[in-house]
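[1] structure of the sequence below:
(chains A, B, C, D, E, F, G and H)
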8 protein chains.
Amino acid sequence: MLTSEAIALLEKFRTGQVSLEDALKSFQAAPVVDLGFAAVDTHRALRKGFPEVVYGAGKTPEQVVAIAEKIVGADSRVLVTRVTADHARAFRERFPESIHHEAARALTLERTPLQKRPGTIAVVAAGTSDLPVAEEAALTADFMGNEVKRIYDVGVAGLHRLLARLPDIQSANVVIVVAGMEAALPSVLGGLIGKPLIGVPTSVGYGTHFGGLTALLGMLNSCASGLTVVNIDNGFGAAYAASQINALRV
Amino acid sequence: MLTSEAIALLEKFRTGQVSLEDALKSFQAAPVVDLGFAAVDTHRALRKGFPEVVYGAGKTPEQVVAIAEKIVGADSRVLVTRVTADHARAFRERFPESIHHEAARALTLERTPLQKRPGTIAVVAAGTSDLPVAEEAALTADFMGNEVKRIYDVGVAGLHRLLARLPDIQSANVVIVVAGMEAALPSVLGGLIGKPLIGVPTSVGYGTHFGGLTALLGMLNSCASGLTVVNIDNGFGAAYAASQINALRV
Amino acid sequence: MLTSEAIALLEKFRTGQVSLEDALKSFQAAPVVDLGFAAVDTHRALRKGFPEVVYGAGKTPEQVVAIAEKIVGADSRVLVTRVTADHARAFRERFPESIHHEAARALTLERTPLQKRPGTIAVVAAGTSDLPVAEEAALTADFMGNEVKRIYDVGVAGLHRLLARLPDIQSANVVIVVAGMEAALPSVLGGLIGKPLIGVPTSVGYGTHFGGLTALLGMLNSCASGLTVVNIDNGFGAAYAASQINALRV
Amino acid sequence: MLTSEAIALLEKFRTGQVSLEDALKSFQAAPVVDLGFAAVDTHRALRKGFPEVVYGAGKTPEQVVAIAEKIVGADSRVLVTRVTADHARAFRERFPESIHHEAARALTLERTPLQKRPGTIAVVAAGTSDLPVAEEAALTADFMGNEVKRIYDVGVAGLHRLLARLPDIQSANVVIVVAGMEAALPSVLGGLIGKPLIGVPTSVGYGTHFGGLTALLGMLNSCASGLTVVNIDNGFGAAYAASQINALRV
Amino acid sequence: MLTSEAIALLEKFRTGQVSLEDALKSFQAAPVVDLGFAAVDTHRALRKGFPEVVYGAGKTPEQVVAIAEKIVGADSRVLVTRVTADHARAFRERFPESIHHEAARALTLERTPLQKRPGTIAVVAAGTSDLPVAEEAALTADFMGNEVKRIYDVGVAGLHRLLARLPDIQSANVVIVVAGMEAALPSVLGGLIGKPLIGVPTSVGYGTHFGGLTALLGMLNSCASGLTVVNIDNGFGAAYAASQINALRV
Amino acid sequence: MLTSEAIALLEKFRTGQVSLEDALKSFQAAPVVDLGFAAVDTHRALRKGFPEVVYGAGKTPEQVVAIAEKIVGADSRVLVTRVTADHARAFRERFPESIHHEAARALTLERTPLQKRPGTIAVVAAGTSDLPVAEEAALTADFMGNEVKRIYDVGVAGLHRLLARLPDIQSANVVIVVAGMEAALPSVLGGLIGKPLIGVPTSVGYGTHFGGLTALLGMLNSCASGLTVVNIDNGFGAAYAASQINALRV
Amino acid sequence: MLTSEAIALLEKFRTGQVSLEDALKSFQAAPVVDLGFAAVDTHRALRKGFPEVVYGAGKTPEQVVAIAEKIVGADSRVLVTRVTADHARAFRERFPESIHHEAARALTLERTPLQKRPGTIAVVAAGTSDLPVAEEAALTADFMGNEVKRIYDVGVAGLHRLLARLPDIQSANVVIVVAGMEAALPSVLGGLIGKPLIGVPTSVGYGTHFGGLTALLGMLNSCASGLTVVNIDNGFGAAYAASQINALRV
Amino acid sequence: MLTSEAIALLEKFRTGQVSLEDALKSFQAAPVVDLGFAAVDTHRALRKGFPEVVYGAGKTPEQVVAIAEKIVGADSRVLVTRVTADHARAFRERFPESIHHEAARALTLERTPLQKRPGTIAVVAAGTSDLPVAEEAALTADFMGNEVKRIYDVGVAGLHRLLARLPDIQSANVVIVVAGMEAALPSVLGGLIGKPLIGVPTSVGYGTHFGGLTALLGMLNSCASGLTVVNIDNGFGAAYAASQINALRV
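    Reported below is the predicted structural model:
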């Protein structure tokens, strides 16, 4: 089954023109491209509304390139997260038009950039060391077709800096809050804005931060309603959810 | 300062007609009603777009009634969560028009019901014992002005039951997934729908469920992107966030 | 050895007029009053500058009364913490002039009230359910001869309420911050005041609060320098340390 | 005592022809070959029905070779697990006919391959990064004389892929499920097949996966009956148990 | 759809005469009996080869009876686990022919007893306090049509008692080992028998047993290959898996 | 086999006059008295040099009495630990000559008291609330034939009290140190005496004592060499080990 | 806004001559120097009474130098903690007058040394391996304008060494106690001195020290009143708090 | 004060000829040799009956040599534990007559070897990877003047091997049991011998062994009375305690 056929088929399923049973039947008939180490699933972009993302950590540069080659067709786009310098070198050699975002530890290949949807996603970060995670979130949100506003270094210990940026934060549709250590920032923000908040605890700190567990627990127990949380350092996941939320406002 | 004055003032702050400094100045001038054991904050409905909610657990029936009396004005509404039979008795005696939702362990008083906004919130629950938390979520979402669809007892061990309800779930704007034990349900749903998902781990299970920690960790580590999580048993928090998300779609 | 003799002796040791060896020799010679279940140490007030405190939890009302009787002499004072209604009844029967502080779960007997030293200790609490711990701290600090200022229900989710009380907090010598759940309050205060801060995490919350562990970890990892921490719910310990600090300012 | 004598003796014990006491007496008389760092136990294959397995991790290449030399007789077989490239080099130099299975991180030496018993063992794996553990399981099961079917990359986030392979899984006698992160796969499979399931949690994930603990807890709390679990990353143990189960069906 | 129709349909699916798609289609068409608090799934006995089991803990006596009534048809059978005296009273009043197994904390209703399959399951328990869990396992295995041999009070501290019962244990097809505290018994047994072993850690002990966690960890880290583990106190789950294994030997 | 025969037999085994095989053979021949819920092992006194001890917690008064009846012969002795008032009442009714040691939560029945061996065991306890555990240790040590010296209420916060009792402690053969909270006492003692020290952490404290885990960890990490540790609250185990050590000095 | 202007403004706010609103307004107007990776906050010295401290860990040498350059004005001072040799080299090249304190793993640049305030801070350390943390505390306290007394290697296992230094410790205003392993030292000191005590647990030990968690828990549960605690290895935080306390004594 | 003087003095204190006060006075007068990084305490051998031991881990080779030089006098002896190859090289260069025990990771310098006391200490180890810890224990025990019997590779999975060595173990005065993974060995031994047992959990295993925590918990919860435990991998501590016990038997 060609990808274009699959797209047509699944689109019909989404809109109810084709039943679950028939869609399943077709899927089972369609061969999945098998790379030996990972069954690349070219249907996934359709089912979930987002192109395949490659999680680079733990894969060799060769594996990352091979997976990307299968995904990328005439008009496709790829995002590779958690990349090292070695990944970047191999990837950029094979796809010279790709971009290496060092601060976000990611690679993007965008032959057909998405049109930006209305509404912005704010990415707020407490400390300097939260930046890699914040950048991963910001880049992912941007890549998924959202306007992104970065508001960094506004921890609660310097409350006046945070208050100075408040209007910017309040004007966003969704707010991603990235914070390590004791993660007090989401609690303070939760009391000041009325939009969906997604907390990303980071593995920043020392002593009893327990690799971010303290920040995670702090966010889960926050007194601020309207806050939901993703896994430690999971900037990608937060941006993915934020993009789904932002996409609702049409 | 009267509540109506505060409403007007804050509305102006929200829309940028009044500066932060002036708003703060006014707040500091306005006396907070002091009950001795809890400063009731009548401005909160405005600031956060939602009436005061009373968390019943750990308060005496008398305290709950006293706080509610301060909140309730001519047209106000109150939601009391985590109530016991004693809370319910005292509350209904004082407010005969209130309703005791036993399954949700909550009380509501709605003199002016909110008009339902467009779009639905689906509340999906895996097992019988997850129902109190699911009902708390469903009731809160309904109370905040959302259409709610309840889809219960669809755990992954009976996959065909879940697939049979899939179209219902897919048509919602936001999906709240309530699950205990190993909490596999959000992972399966995450692969089948393309809307924001909020997971609520419950403290259901035995052996090594650790009061819901296993379910929480399972959700945080879920392979399904687009999933964010709230604290264990926090049906209220999930509904609050879901309502904020649903409100975006105007 | 009479108590007055011991006082004289220890005072000399403190000021260097008697050597350690001689002090130890005297102590070993002095009989300790033995109640069978607890060696009441009448010297402790001297050594540590504070009368014996009885920790009520886990002791029978009879044991509490018996220990108190040994401590109380012509001019002595006793503080009993963590008391139940049964403790209170037995104690007040034996010492009719004693006071039962219900909110603080404590009993005091003060025949010769201490003169208040200059400077105040502020006790700041985030939520209604933190009050028992906050009251234990406030009562202890007061009992040890300090002026105490209580500032309650000023959590970070209602930032304007906190800012409104800021001048009161800033004017204290030492600040005790009592907070449960995610304990963001000390982090915010740490950025706004320049005095010693002592955090008391409380066992308030649900889900993953882990009996106060989340609040404790949050305080230990706070970005706010100048903050030190005591054990969960240990209002007494915080007040004891605060009093020692306040006593420095002569 | 010669190995052949031991075999005969133990076989008699197993079948009841020799008593426990006599067997113990003989064992104590028989010298155990002592290598200084590990008493090689040549009887173990008999007692447990399986040749000695060498756990390579933490041993020097020389130690691995020396232990293998003692085990290998005219017709013996050896499996070395968790080997590095250094182990492999030294081993293959000494035993040129041995095979290095890189994906499974193992070495095998099989002079007399076992005849395959009827019935298959399915090894199902959720993600790319679970493969080393899955391969260790598959290789061990194969080495112990079982037909093995490998079914990889069928996580629950891509449910249609899993359903497409269901008939293959259902036809096996025993199913080994290898999964990291939140390990939802065994729960889903448990509802679809009626054969013994053995779960192997893997140390794959990030944030709060805690080195596989989340996956382990997820499996232990799975709602799917019929599932038993081995230690994190213990592909060998799962295959050993699966082989014992498969051997029952004669 | 009648149950008999469902049986016929699913039997065809199992044997490959009906495709997955058609089976799913039928299931979705068939109404699930809805009790409000639990969708009773009358197909489950077929899909999983075992009648519905009701987990009594956390349900009211009325709920247990209502669920059982739906399950029980002309020839059906019910097992209720974790029952209290109240459950038993209500259940026996409604189903006078049912039996209350106090030691196993369970109720059974067997109008058409299953024929016992060949081969036995041994249930081995270390201490007196492990008996409730061991009995739950033994009763479940018996109820599922297996011969059961109970071998109790054979902890490793009395090694001679264990050795004396060894022949009995060795003659079983599958061995369930129930042990609390440090759970050394499975490790010792693992070295002496060559059959599948299923460990059930129990929440027995004091000090640092952590509600059975120590026993669970001990079993997971056991040096004895061939051992798999279920959740703490999960006698039912162990018996279910053991029965599936025993059923293989036809 | 009569107990006297078993004694003779085992004594010969201990001294090498009878081989292991023959001893095992005899044991297996000898019937173990079976009470249904606990195989009473009348040989245990011989094998381990100490009469059967009954752990009362979790057993009914009837069970405790029944087990004791089997143990007690013409000249036997029984120790029941962790007894409630109900246990005591039933036991004393059946064995009027028995003694209920309330502080130690234990019962003893001693028809033929053991002769005290030379050398003493010191039991040192830090706080009032450690006394039940300390008394369990002291009573057990006494019951096993040792002179016991009780030294209570000597925590490190009152160092002079501890130093005053030092000579008493130094003159013992073995020292049992019972301490809760942060358990600093063993570390201090370890630097002052040169005899074997056995630490018993107790589950005393509040906040982060974690049911004694903090005290246990403190003892395990103590800088004082010569200290070994038993489980939390395990006064019996500490006394048992201390008695074995004291018995060496003949 | 110039730094001198900010100083004047904030000084007025502190003393109540300028209101909060006006101060906030000014702050928001003042541009924060933006380095891209960290918003250097030159007002912080004023707000908190202490110059900016740079936490070196996790920053490149270039970042550390760049941040320091922004902080350092005509008369400013900088403290960089947790520096590596690379940090030191780059820093000393740029600021030749700076000092590298190797034992404390810190760098200082002091163009205008602070005048020492009256009163001393004692830094007491238990073991050799606690020295880096103790030195960080001592250096920070000194840098903040306090007289510092170092009292090292006085663990409780050598009680006489500790007692020999007692008078020195007793004469300080505040005592910082640095201890790893089981951290018994603060408990002993707490009973001997009557001044504020700040405990710093260190990540020293092996086995179950859990990276300092055992020491932290030991201090939190210490029986010694007057003790407060900071995070593991947080020598800086302890010194900061101690300096605030010492500054009270004017 | 010369070491010989100190010896005489302390010997008198031990035997009661000199009072505590006088001994303390002398100690305070005696200068402690200060190396800057560690106060070498030459009195310790006397106070505790054992020469200074140097814990090598975390110290530079130069520091180890410098400390050793201070300890070693005309007739002194030194044991350095946890040494690397670098420590060994530097140490052997300075003290050519010293011995490097590689298996035990230790260095010894014995100019005047101790005379062996009567009675043996058995060191029993379960697996190959437990040997470094077992050797540390064996070497330490030997160095302290005890006869040592090494009994290695006798895990419970090979019960006959253990039984074959039982007489050897039974003849010792004290038994040190070294075991990792699930640590079942001490439980089995505890039922077979009647001498003091000291368990040393090791950090051997994988998956959920948690760096030895599982083994530690297993030992603490062992059903075998008479067993006490030291910290993970603490072979030195076990041997120290065993030697103190063995020394009792005079």
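
[2] hey, which helix or strand in chain A has the poorest pLDDT?
    One helix or strand of chain A scores below all others by mean pLDDT, DSSP states H and E: strand A:33-34, with a mean of 41.

[3] check contacts around the residue in chain A that chain F sits nearest to.
    Nearest residue of chain A to chain F, counting by CB to the nearest CB: A:T208, 11.1 Å away. No exception for glycine: its C-beta is placed from N, CA and C like everyone else's. A:T208 makes contact with A:214, C:217, C:220-221, G:212-213, G:216, G:231-232, according to CB atoms under 8 Å, 6 or more residues apart in numbering or on different chains.

[4] ok, the residues you listed vs chain D, which is closest?
    Among the contacts of A:T208, and counting by CB to the nearest CB, the member closest to chain D is A:T214, at 11.8 Å.

[5] ok, the closest one touching A:A183?
    Yes. A:T214 is in contact with A:A183 according to CB atoms under 8 Å; the separation is 7.5 Å.

[6] what is in contact with those two at once?
    By CB under 8 Å, 6+ apart, A:T214 and A:A183 have these common neighbours: C:G218.

[7] and these two? which has more neighbours close in?
    Using other CB atoms under 10 Å in any protein chain shown, the more surrounded residue of A:T214 and A:A183 is A:A183, with 37 against 28.

[8] tell me the pLDDT at that one?
    You'll see A:A183 listed with a pLDDT of 82.

[9] so it versus chain H, what's the distance?
    26 Å (CB to the nearest CB, to the nearest Å).

[10] same thing with A:E52?
    Distance, A:E52 to chain H, by CB to the nearest CB: 32 Å.

[11] sketch out the low-pLDDT regions of chain A for me.
    Residues of chain A meeting the criterion pLDDT under 70: A:1-51, A:73-75, A:205-207, A:249-250.

[12] in it, which residue is most central in space?
    A:F236 (2.8 Å; CA atoms, centre = their mean).

[13] helix or strand for it, which one?
    helix A:235-248 (DSSP states H and E).

[14] so that helix, near chain B or not?
    Yes. Interface with chain B: helix A:235-248 contributes A:236-238, A:240-241, A:244-246, A:248 (CB under 8 Å from any CB of the partner chain).

[15] list the buried residues in that helix.
    Buried residues in helix A:235-248, defined by neighbour count with 16 or more other CB atoms under 10 Å in any protein chain shown: A:235-248.

[16] on that earlier part again, which of the three states applies to the residue of chain A closest to chain F?
    Following DSSP: H, G, I helix; E, B strand; the rest coil, A:T208 is assigned to coil.

[17] and if you look at A:I193?
    coil.

[18] how close does it get to E:A134?
    Distance of A:I193 to E:A134, computed by CB to CB, to the nearest Å: 57 Å.

[19] out of these two, which sits in the more crowded spot?
    E:A134 (27 against 20).

[20] state the distance from that one to chain D.
    From E:A134 to chain D the distance is 17 Å (CB to the nearest CB).

[21] does that residue lie in a helix or a strand, and which?
    helix E:131-143.

[22] is that helix positioned near chain F?
    Yes. If you take CB under 8 Å from any CB as the test, helix E:131-143 does meet chain F, through E:L131.

[23] packing partners for that helix?
    Packing partners of helix E:131-143 (3 or more CB pairs under 8 Å, 6 or more residues apart in numbering or on different chains; DSSP states H and E): strand E:77-81, strand E:106-110, strand E:117-125, strand E:146-151, strand E:174-179, strand E:197-201, helix E:235-248.

[24] got the angle for it vs strand E:174-179?
    160 degrees (axes from the mean of the first three to the mean of the last three CA atoms, to 10 degrees).

[25] hmm, who's touching helix E:131-143?
    So helix E:131-143 is contacted by E:77, E:79, E:81, E:101, E:103-106, E:108, E:110, E:114, E:121, E:123-125, E:148, E:150, E:152, E:176, E:178, E:200, E:202, E:233-236, E:238-240, E:242-243, F:37 (CB under 8 Å, 6+ apart).

[26] buried ones among those residues?
    Buried among the contacts of helix E:131-143 by 16+ other CB under 10 Å: E:77, E:79, E:81, E:101, E:104-106, E:108, E:121, E:123-125, E:148, E:152, E:176, E:178, E:200, E:202, E:233-236, E:238-240, E:242-243, F:37.

[27] hang on, the earlier thing: could you export the contacts of A:T208 as CSV, including secondary structure and distance to chain F?
    Formatted as CSV, the contacts of A:T208 follow (DSSP: H, G, I helix; E, B strand; the rest coil; distance: CB to the nearest CB, whole Å):
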residue, secondary structure, distance to chain F
A:T214, helix, 14
C:L217, helix, 10
C:L220, helix, 11
C:N221, coil, 15
G:G212, helix, 10
G:L213, helix, 8
G:L216, helix, 9
G:N231, coil, 14
G:I232, coil, 14
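
[28] among those residues, which two are most distant?
    Using CB to CB, these span at most 14.0 Å, a distance reached by A:T214 and G:G212.

[29] re earlier: was I right about the residue nearest to the centre of chain A contacting A:T81?
    Yes. The criterion here is CB under 8 Å, and A:F236 meets it with A:T81 at 5.3 Å.

[30] in whichever strand or helix holds A:D168, what counts as buried?
    Element membership for A:D168, per DSSP H and E: helix A:166-170. By neighbour count with 16+ other CB under 10 Å, helix A:166-170 contains the buried residues A:166, A:169-170.

[31] also stretch A:89-105?
    Buried residues in stretch A:89-105 (16+ other CB under 10 Å): A:90-91, A:94-95, A:98, A:100-101, A:104-105.
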